[in-house]
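predicted model and sequence follow; I will ask about them next.
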Amino acid sequence: MKRTIAHFIHEKMKINQRFIYNQMVRLKKYRPIIIGSFADDGSHPFPLVNYYHLNDIGHFGRFAKKQNIVAIHAHHGKHAVEILPLCVAHGIPLIVSIRGRDGSAKYNSFRRNQKRYSLLKEHGALFLPVCRYLADELVTLGFPPEKIHVLYGGIELDLFPYRERTIPASGDIIILSIGRLVEKKGFLTLVRAFWRVRAKHPRCRLRIIGAGKEEENIRRLVNELGLAPFVELPGAMDAAAIAQEMDRAHLFCLASETAPDGDIEGIPNVLKEAMASGLPVVSTNHAGIPELIEHRRTGYLAPEKDDKELANGICFFLEHPEQAPLFTKQARKVIEQRFNLAKQMKEQERLYDLIAKKTR
């Protein structure tokens, strides 16, 4: 039997987590299986290939030997903490992806992550933050630097073909933003920036795609600023629908910021998708985003929580449409070279090789 990587997820993936699913099922050198803490009742947003409920496995050591498991890959820090005791008990290397909040050393997150990762730092085999920024955060939390390797998330280029954009001479100008409606996505800052933009460019409309606990606060601010006719929140969408939204939009903006509890981004995949599709992008100097976007070369970066400068970034592209192709062509090259899913899957398997060699 082919060498097997067992991917561990504590809970069902959300519709916006296709990037995690791709990392699990698109292996070539290794056979993937999925182990989870939930029943497969058919409601999962993606097909669960070779799925095993943790409670149904029985003797884990015999199961691992039968499946020829060379490592377990947990796709979030908190998931890793759950599966760690089994890995230690049966001598199975544990690989851990770190994606954002789970790697934060900011504010309350520092104390929480230091405490819950005390054993993981010692026994984990490999830690894969999605950007250099998070790699530095892990070092601050006390993770061994020699066990840390950055693995950038890749996107499916065929879903997001490049198309040069122009600002229409008449009709609506669509500014698009996508993400879970949580504090670190900065949607309140974006709405304030949009209020500034509309004062100068009244044809603009804002579409915010996503769902989450901040929706009520976002809608309240939209109403307070008199923006209800010009801001739409249609809810969460799958990858295909998001690709269609990007094809219809004229500009993309994500106002990511550090949340009061220390929650942070890695590098949001929607920014990569927007850059791949040819949309001019405006975002913030937050977490790993500057590793993706070079200010005034492949996009425009504003300071966190600065709605005035964010509005300036949006207005820059609205008022200098002839410069947009200079940005977007370079942005597409960055995605093809560094954030291409096919290339990143090869790098992921190369990192698996480092661990698999030690288990022979």
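Received the coordinates, thanks. Numbers count the residues shown, from 1 in each chain.

drop to CA atoms for contacts and neighbour counts, all remaining ones
Fine.

where exactly do the helices run in the stretch 251-360 of the chain?
Applying DSSP state H, counting those that start in this stretch to the stretch 251-360 of the chain gives helices spanning 269-277, 289-292, 307-319, 324-338, 341-356.

where does the chain dip in pLDDT?
When the per-residue scores of the chain are filtered using pLDDT under 70, the ranges that remain are 360.

if we use 90, what do you get?
Within the chain, the stretches falling below the threshold (pLDDT under 90) are 1, 16, 40-44, 49, 357-360.

break it down into its domains, please.
If the domains of the chain are taken from automatic domain parsing, they occupy 4-154+340-359, 157-338, with pieces of a single domain joined by a plus sign.

which element is residue 234 on?
With elements delineated by DSSP states H and E, residue 234 resides in strand 231-235, which encompasses its position.

okay, the domains of the chain in a markdown table with mean neighbour count next?
What follows is the domains of the chain, written out as a markdown table (neighbours: other Cα atoms under 10 Å):
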| stretch | mean neighbour count |
| --- | --- |
| domain 4-154+340-359 | 18 |
| domain 157-338 | 20 |
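
work out the gap between the helix or strand just after the strand holding residue 234 and the centre of the chain.
Later in the chain than strand 231-235, the nearest helix or strand by DSSP H and E is helix 239-248. Using Cα atoms, centre = their mean, to the nearest Å, we find the averaged C-alpha position of helix 239-248 to lie 17 Å away from the chain's own average C-alpha position.

and what of stretch 48-60?
Stretch 48-60 has its C-alpha centroid displaced from the chain centroid by 27 Å (Cα atoms, centre = their mean).

residues in contact with that stretch?
For stretch 48-60, contacts defined as Cα atoms under 8 Å, 6 or more residues apart in numbering pick out 25, 32-40, 63, 86, 90.

repeat for stretch 92-103
Under the criterion Cα under 8 Å, 6+ apart, residues 69-78, 80, 84, 86-87, 109, 113, 123-130, 134, 137-138, 262-266, 355 lie in contact with stretch 92-103.

can I get that stretch in CSV, CA atoms only?
Only the C-alpha atoms of stretch 92-103 are listed here, as CSV (Å, rounded to 0.1, in the frame of the first residue of the first chain):
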residue,chain,number,x,y,z
ILE,A,92,3.3,8.8,14.8
PRO,A,93,4.8,12.1,13.6
LEU,A,94,2.4,15.1,13.8
ILE,A,95,2.4,17.8,11.2
VAL,A,96,0.5,21.0,12.0
SER,A,97,-0.8,23.8,9.7
ILE,A,98,-1.0,27.2,11.4
ARG,A,99,-3.4,29.6,9.7
GLY,A,100,-4.1,32.7,11.8
ARG,A,101,-5.6,33.0,15.3
ASP,A,102,-4.1,29.6,16.1
GLY,A,103,-0.6,31.1,15.7
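
save the helices of the stretch 251-360 of the chain as CSV, and put in distance to residue 14 too.
What follows is these, written out as CSV (distance: least, Cα to Cα, whole Å):
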stretch, distance to residue 14
helix 269-277, 14
helix 289-292, 22
helix 307-319, 29
helix 324-338, 24
helix 341-356, 19
